[in-house]
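Novice: could you work out the structure for the sequence below:
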Amino acid sequence: MSDPPPSLIGIFDSGVGGLSVLRAIRQQLPDESLIYLADQAHVPYGPRPLEEVRAFSESITRFLLHQGAKLVVVACNAASAAALHYLRQAFPEVPFVGMEPAVKPAAERTQSGVVGVLATPATFQGALYASVVERFAQDVTLLQHTCPGLVAQIEAGRLDAPETRRILEDALRPMLTRGIDTVVLGCTHYPFVIPLIQDIVGSSVRVIDPAPAVARQVGRVLESLGLLASTNDLKGFQKPLRSELRFCTSGDPSALAALLPRLIGASAPVTPLAWDPDLHLSALT
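Specialist: From the prediction side, this is the model:
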């Protein structure tokens with residue numbers, strides 16, 4: 001008998017930010033089994049050279065495919081900007097879904113014509129962001145901020161700490177004085193501090209979390225390929241009785257396991273991973 005077809009959605013990020021995308025996928029596609037890989041040995045990806053991020057992303061993709069991924073979500077804005085096109089060329093048979101700054105919906109919805117964008121330097125400097133701005137935001141004023149230190153605060157689980165609030169107020173208060181009515185979150189870490197952002201900007205300012213749109217795109221791609229969990233037993237293989245949730249990290253597995261209940265409302269063991277000198281990734285036993 002042949003092996004069953006790949007059945008997992010693979011999701012990766014340099015840290016815990018991509019868990020905001022995993023959370024949205026779980027909500028929209030509850031029958032799907034997921035594997036999440038946090039490359040916390042290299043977090044953050046933003047300041048790293050493009051070639052290095054591409055090398056990490058390629059090795060992570062190979063690992064996820066070996067684990068049984070049928071689709072790979074690049075749940076990291078920096079990795080999407082640096083490596084998504086490269087990955088699609090390197091793995092032409094694999095469906096990928098990546099992150100794109102949600103500038104288009106912000107430009108369509110703004111009433112004041114002034115939009116705030118919070119993202120890492122790598123996203124702002126990338127060709128993907130420039131392309132989105134050129135195509136969709138020519139008539140909108142975009143106010144940008146890199147929120148230095150915010151990713152580290154979220155990685156440490158300090159979602160509502162005074163320092164986290166200070167970082168966000170430094171970014172958002174000047175934008176508010178210039179009339180923003182919409183805030184775009186251009187980093188997958190940032191949705192975890194939406195309550196704090198909303199408290200600072202007030203209820204009249206819309207905060208756009210890109211994760212639900214990414215989850216919808218994952219569903220559309222799987223459906224178009226006949227790979228949804230509900231239809232994946234058409235070739236004679238029984239689909240699992242319950243969806244599976246797996247986590248891996250190249251960092252501290254106990255630290256990630258401790259954060260999971262707070263970030264996604266679920267507990268699960270975390271498999272430790274190690275990089276070898278040739279940038280191959282393997283699970284530690």
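Novice: quick one: the strands in this structure?
Specialist: Remark: strands assigned in the chain by DSSP state E are 8-13, 33-38, 69-74, 96-97, 114-118, 141-145, 182-185, 206-208, 245-249, 270-275, 281-283.
Novice: wait, which of the ones you listed is closest to residue 53?
Specialist: Closest to residue 53 of those, according to CB to CB: strand 69-74, at 10.3 Å. Yep, even glycine has a C-beta here, placed from its N, CA and C like the rest.
Novice: and the average pLDDT for that closest one is what?
Specialist: Averaging pLDDT along strand 69-74 gives 98.
Novice: go on, stretch 248-264?
Specialist: Mean per-residue pLDDT for stretch 248-264: 97.
Novice: any buried residues in it, and which?
Specialist: By neighbour count with 16 or more other CB atoms under 10 Å, stretch 248-264 contains the buried residues 248-251, 253, 256, 259-260, 263-264.
Novice: if we can go back for a sec, include distance to residue 50 when you put the strands of the chain into JSON lines, please.
Specialist: Converted to JSON lines, the strands of the chain look like this (distance: least, CB to CB, whole Å):
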{"stretch": "strand 8-13", "distance to residue 50": "17"}
{"stretch": "strand 33-38", "distance to residue 50": "20"}
{"stretch": "strand 69-74", "distance to residue 50": "14"}
{"stretch": "strand 96-97", "distance to residue 50": "17"}
{"stretch": "strand 114-118", "distance to residue 50": "21"}
{"stretch": "strand 141-145", "distance to residue 50": "20"}
{"stretch": "strand 182-185", "distance to residue 50": "23"}
{"stretch": "strand 206-208", "distance to residue 50": "26"}
{"stretch": "strand 245-249", "distance to residue 50": "23"}
{"stretch": "strand 270-275", "distance to residue 50": "18"}
{"stretch": "strand 281-283", "distance to residue 50": "19"}
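Novice: lowest-confidence stretch among those strands?
Specialist: Lowest mean pLDDT of these: strand 281-283, a mean of 94.
Novice: for the protein, which residue occupies the most central location?
Specialist: Centroid check for the chain by CA atoms, centre = their mean gives residue 75 as the closest residue, at 2.6 Å.
Novice: thought that one was touching residue 18?
Specialist: Yes: taking contacts as CB atoms under 8 Å, residue 75 lies within contact range of residue 18: 3.0 Å.
Novice: any residues in contact with both of these two?
Specialist: Counting by CB atoms under 8 Å, 6 or more residues apart in numbering, the residues touching both residue 75 and residue 18 are 11-12, 188.
Novice: which non-adjacent residue is nearest residue 144?
Specialist: Setting aside the residues directly before and after it, residue 144 is nearest to residue 117 in space (CB to CB, 6 or more residues apart in numbering), at 5.0 Å.
Novice: quickly list what the one you found is bridged to.
Specialist: In this entry, residue 117 is beta-bridged to residue 144, residue 184, by DSSP bridges.
Novice: and it, how many neighbours does it have?
Specialist: For residue 117, the neighbour count with other CB atoms under 10 Å is 27.
Novice: wait, it sits on residue 143?
Specialist: Yes: counting by CB under 8 Å, residue 143 is a contact partner of residue 117 at 7.0 Å.
Novice: so what sits against both of these two?
Specialist: Between them, residue 117 and residue 143 share no contacting residue under CB under 8 Å, 6+ apart.
Novice: now do the domain split for this structure, please.
Specialist: In terms of domains, the chain is parsed into 8-99+212-283, 103-209 (source: automatic domain parsing).
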